[in-house]
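Chemist: Just to be clear, the model below is a prediction. Sequence and coordinates:
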Amino acid sequence: MPSSSNAGADAGNKTPLAAAVFWLQSFRPARTRINAWERWRIVLGSFVGILVAGLACHMAGGTDASGLLWLVAPMGASAVLVFGVPASPLAQPWSVVGGNTLSALVGIACARWIGPSELAAAVAVGAAIGLMLALRCLHPPGGASALMMVLGGITDPWFALFPVLFNAVLLALAGIAYNNATRRAYPHRQQPVADRENLSQARAADADLDAVLARYNQVLDVSRDDLQALLEQMKWQAYQRKLAGIRCADIMSRDLVTVTHSTSLAHAWALLRERRIKALPVVDADFRIVGIVTLADFMRAAELEGYQDMDAKLRKLLGAIGPSGKPPVVGQIMTRQVRVASEQRYLVDLVPLFGGTGHHHIPIIADNGRLTGIITQSDMVAALFEPTKQPL
C-alpha cells in the first residue's frame, strides 16, 4: 500500500515540470467501480431513507420556516454512507446514531459556552471528532452536526434528541431494512478469526495485516476484515490467472515410489527415509490406488504424541510380530480414503485442497484409473514460478 511519503519521493526524482504534473494528477477523481444496478440501488436507498426520516419526524415535531425542527442537513451526508458504502466502518448504525447525536451535543455546548463563533465552530468540530474516535463512532456527518449547532446558534440540548437522534435512528433503521432487502449486509458483521477454515494460517495473515496497518497509521474507509477478505480474493484471482492453463499432468511428479497392501512397515519406512519423501501411494496389482501411507500414519500407529521416546516406539512398531507370526504391513495403518485428481484436471482446482483441507499429496490418475503421478505442495509452489513446465 503506497504512502504519501513514497509518492513525494517519486515526485522528488522528477524535473520540476514533471513533478508538478505528477502532483496535479493526484487531484484526478478515482473511478467508481460499480455497475448501473448498484448506482440505482444507492440512489433509491438514499431517497427512501430520507423520505422515511423526514415524514416521520415532520409528523412528530412539526416545522418552522427554517425546517430544522424536523430534519437536519447532515442526514443527507449520512444517507450517502448508509446506502452508498454500507460496509464502511463509518456507516454502521452506531456511527450514524452516536456520531450525529454526540457531535450535536458537543456543538450545542460550544454554542452556549464559547463566545466567538469562529472559535466555537473550530472547537465544536475538533472536539466532536475526538469524541467520536474515542467512542468508536467516527462519522463524517457528525462534524457537520456539530458545526450546524454553532452556526445556527442552537443552545437547547433537547435539539440533539429531536430531531437529530430521531433522524439518525430512523435513517439507520431504514438502512437496515433496505440494504438487507437489496442483498447488502447491514450492519456489516466483522468476521471472527475462529470462523476461518485454517486457524493458524488466519492468525499469521492477521498478524501480517496488523503490522502493515500499524505502519500505515491512517483511518481507512474500509473495515480491517473486509480488507483482509479483498486481499484473499485478490490472491485467489492471481492463482487462477497464473494456473489457468496448467493441468495436473503438466507438473505432476512421475518418478513414483509406491508400495502394496502387503509391503512390510519396515520396508515402507525405509523407503520414506531413503527417498526423503513424506507419503507412499498404496497400489494394487493393476496399479490402481487403494490407499496412501504417510509419516502421520506411522506416528499414529506408533502412538506418538510428541518427540519423547520416538525412536523406541518406532522400533517397536517396525519390529513387531503379529498374531500370524508375520511383521505388520502397510495395509494395517494406511489411510484408505484418498483424494485423487485426474491428469486433465486444472491445477487451480487443487488450490483449495492444499490450502484449506490440509492435504499435502494428491495422487494423479489416468482415465483408466491407474496411478500415473503425484502432486505435492512443493510441485504447486514450483508451478507458480514455472508455469510453462512441460510433461516429461
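Modeler: Done, it's in. Just so you know, these numbers come straight off a predicted model, no measurement behind them.
Chemist: Tell me the helix or strand right after the strand or helix carrying V21.
Modeler: For V21, the host element (DSSP states H and E) is helix 16-25. As assigned by DSSP H and E, the chain's next helix or strand after helix 16-25 is helix 36-61.
Chemist: so what secondary structure elements neighbour that following helix?
Modeler: With contacts taken as 3 or more CB pairs under 8 Å, 6 or more residues apart in numbering; DSSP states H and E, helix 36-61 sits against helix 74-79, helix 166-181. Yep, even glycine has a C-beta here, placed from its N, CA and C like the rest.
Chemist: ok now it, how far from the chain's centre?
Modeler: 31 Å (CA atoms, centre = their mean, to the nearest Å).
Chemist: quick one: buried residues of it?
Modeler: Buried residues in helix 36-61, defined by neighbour count with 16 or more other CB atoms under 10 Å: 41-42, 45-46, 48-50, 52-54, 56-57.
Chemist: Tabulate those in a markdown table, adding columns for distance to R370.
Modeler: Listed next are these as a markdown table, based on distance: CB to CB, whole Å:
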| residue | distance to R370 |
| --- | --- |
| R41 | 54 |
| I42 | 57 |
| G45 | 58 |
| S46 | 63 |
| V48 | 63 |
| G49 | 64 |
| I50 | 68 |
| V52 | 67 |
| A53 | 69 |
| G54 | 73 |
| A56 | 72 |
| C57 | 75 |
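Chemist: Among those residues, which one lies nearest to G84?
Modeler: Distance to G84, by CB to CB, is smallest for I42 among those, at 4.7 Å.
Chemist: and the helices and strands packed on helix 36-61, which is most packed in?
Modeler: Burial of these is given as mean neighbour count (mean count of other CB atoms under 10 Å); helix 74-79 ranks first at a mean of 23.
Chemist: now the angle between helix 166-181 and the helix or strand following it, please.
Modeler: Downstream of helix 74-79, the next assigned helix or strand under DSSP H and E is helix 93-113. On the basis of axes from the mean of the first three to the mean of the last three CA atoms, to 10 degrees, helix 93-113 is oriented at 160 degrees to helix 166-181.
Chemist: State the next helix or strand along the chain beyond helix 93-113.
Modeler: Counting by DSSP H and E, the element after helix 93-113 in chain order, helix or strand, is helix 117-134.
Chemist: Rounded mean pLDDT for the next helix or strand after that next one, please.
Modeler: Reading on from helix 117-134 to the C-terminus, the next helix or strand found by DSSP H and E is helix 140-151. Computed over helix 140-151, the mean pLDDT rounds to 96.
Chemist: Now tell me what touches stretch 285-292 from outside.
Modeler: 258, 261, 279-284, 330-331, 334-336, 338, 340, 361, 363, 365, 369-371 (CB atoms under 8 Å, 6 or more residues apart in numbering).
Chemist: Which PyMOL command selects the buried ones in these?
Modeler: With 16+ other CB under 10 Å as the criterion, this PyMOL line picks the buried residues out of these:
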select buried, resi 258+279+280+281+282+283+330+331+334+338+340+361+363+365+371
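Chemist: quick one: which of the contacts of stretch 285-292 sit in strands?
Modeler: Among these, DSSP state E puts 279-283, 361, 363, 365, 371 in strands.
Chemist: Was I right to think G143 contacts S103?
Modeler: Yes: between G143 and S103 there is a contact under CB atoms under 8 Å: 6.6 Å.
Chemist: need the contact list for the closest residue to S253 other than its chain neighbours.
Modeler: Distance criterion CB to CB, 6 or more residues apart in numbering; nearest residue to S253, sequence neighbours excluded, is I374 at 5.3 Å. Taking CB under 8 Å, 6+ apart, we find I374 in contact with 252-253, 256, 279, 281, 361-364.
Chemist: Just confirm I374 is within a strand.
Modeler: Yes: I374 sits within a strand when classified using DSSP: H, G, I helix; E, B strand; the rest coil.
Chemist: follow-up on the earlier one: including distance to D206, could the helices and strands packed on helix 36-61 go into TSV?
Modeler: Formatted as TSV, the helices and strands packed on helix 36-61 follow (distance: least, CB to CB, whole Å):
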stretch	distance to D206
helix 74-79	31
helix 166-181	27
